[in-house]
Every structure is written in C-alpha cells, then in structure tokens.
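> here is my input; please provide its structure:
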Amino acid sequence: MIVIAMIPARLEATRFPRKLMQDLGGKTVIMQTYEATLNTELFDQVYVVTDSEIIFNEITSNGGKAIMSIGVHESGSDRIAEAVKDLDVDIVVNVQGDEPFTNKESLQSLLSVFVDDIDNQIDIASLMVQITDKEEISNPNNVKVVVDVNDYAMYFSRSPIPFSRDEKYGTHYKHIGIYAFKKEALLRFTELTMSALEQTEKLENLRFLENGMRVKMATTLHIPIGIDTPEDLEKARKVLGV
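Okay, the predicted model is just below:
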C-alpha cells in the first residue's frame, strides 16, 4: 500500500494572512509542518501543494518537495486531488499546513483503519477527540461529529451535536481536520458539486456524507495546535519555548 502525505498551502488566509510564512522557532510555520509530517516516517512521500511561488520556493530551497497547483481551487481537497491524479498511490493523507505539531500517534491511528478494512468499506478516514468543556462544545469554530456504533460519521456540524434535551451534556467529539482518502474517493469527491448542507455549514466534509461516501472516524487523545490567528502563533511559540 503506497501512502503519501499532501499538505495544501495557500499564502493568503482570511483571518491571518501569510500565516504559513510566519516565524516559528527559527523556521516558517509551513516548513515546521512539512518537517513534522516527514519525521513521522509514515509516508512514502510528503509534498506541499501550493499556488504560491513564495511557499513553493520556501519548501524546495530547504530540500523539501513541493508541487505548484495549475487550477484555481475552492478547497484543500480539490488542490491535492489535482496533484495526485497521475501519481501511483493508494492512500492520500491531507495534512493541514497550519498544524506544525502534527503527531505521529494520531496519524498511525488514522492509517490503521485502512489496514483493518478487509471488506473495503471505507472511503475516507478522519480523526476525532472527545471534548467536555461547554464552551468548546458550543464554539462554532470547533466542528463536532456524531458517529454510529461502528465509528462511521453520521453528521458534522458547527452546532453542539448531539443536542442534549435535558441540558446535560453527553458525549461530544471534536473533529480534527486531517483526512486520509483512498485515491479514487478523493478524485470522486472533486467531481461532486458543492452540496446544500456543505453550503449551509461551510463544511466540505458534509459533501462526503450527502453523496454516500463512508467516513471512518478514529479516536485520538492529541489535539493539534492550529495556527489560525496571531494569538495561536504566540501559543505555539510558547510550546516551543521561543
């Protein structure tokens, strides 16, 4: 089974422009993410996929591998699908470019679901972590997921799900936005039009579910530190002690 990691990366971000090129412990955020992914030693190849010459040059000038996007893409999944179309791979892991603390244990949990998929039922795998804090559960920036008895995703939402009618919080899971796709599932996804639920919640993973794609969720105890705001960057610097 050939497994590769793709890190989609764009220079401009709405909440924190050029965040991937910010300094984090003497290296840029995108370089830290690339090296953290590479150092897991779980992948046959690791690539950054970008529409930015600045990011492309940052990776390649430091000995990394990068691919320039050809088309204009609405999502990271669309970007990596273009890049893998002609590559001989089985599993493609989409690692977020703004998560420099990418964790080996979590990625192993993600990939293990395909090893156990004897009946070839899984299209996509992703991660979830249990959360108990009421503010975290209510925060629309935290995407929540509800799963069935076999840990297949039933629904993703920015709202607190499941809703607790008696005001007692039950078991809630936060979705960690790292995906592992079978190549054919990734290519199929990009041929599908944006779904109604996806447009409503602004969550591309709902396109999977609305079109009958099976998403297996693996549980992790590790909550990655994503760099979405300048405040997040400062937190990350403190983690590194810089």
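
> give me the most central residue, this structure.
Ile178 (2.6 Å; C-alpha atoms, centre = their mean).

> confirm that it sits in a helix.
No. Under DSSP: H, G, I helix; E, B strand; the rest coil, Ile178 sits outside any helix and is assigned strand.

> which residues of this protein fall in helices?
29-39, 53-60, 76-84, 104-115, 134-138, 183-191, 196-201, 205-210, 230-240 (DSSP state H).

> and of those helices, who's closest to Lys144?
helix 134-138 (7.1 Å; C-beta to C-beta). C-betas here are computed from N, CA, C, even on glycine.

> that closest one: which residues count as buried?
Neighbour counts over helix 134-138 (16 or more other C-beta atoms under 10 Å) mark Ile137 as buried.

> and the helix or strand bottoming out on mean pLDDT in the chain with helix 183-191, angle?
One helix or strand of the chain scores below all others by mean pLDDT, DSSP states H and E: helix 76-84, with a mean of 85. Angle between the axes of helix 76-84 and helix 183-191 is 120 degrees (criterion: axes from the mean of the first three to the mean of the last three C-alpha atoms, to 10 degrees).

> now for helix 76-84, which elements pack on it?
strand 3-9, strand 45-50, strand 91-94, helix 183-191 (3 or more C-beta pairs under 8 Å, 6 or more residues apart in numbering; DSSP states H and E).

> residues contacting it, please?
Residues outside helix 76-84 that contact it (C-beta atoms under 8 Å, 6 or more residues apart in numbering): 4, 6, 8, 47, 49, 51, 67, 69-71, 73, 92, 94, 96, 179, 181, 183, 186-187, 189-190, 204.

> returning to that earlier point: Throw the helices of the chain into a markdown table and include distance to Pro17, thanks.
Formatted as a markdown table, the helices of the chain follow (distance: least, C-beta to C-beta, whole Å):
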| stretch | distance to Pro17 |
| --- | --- |
| helix 29-39 | 13 |
| helix 53-60 | 12 |
| helix 76-84 | 17 |
| helix 104-115 | 28 |
| helix 134-138 | 26 |
| helix 183-191 | 26 |
| helix 196-201 | 24 |
| helix 205-210 | 25 |
| helix 230-240 | 11 |
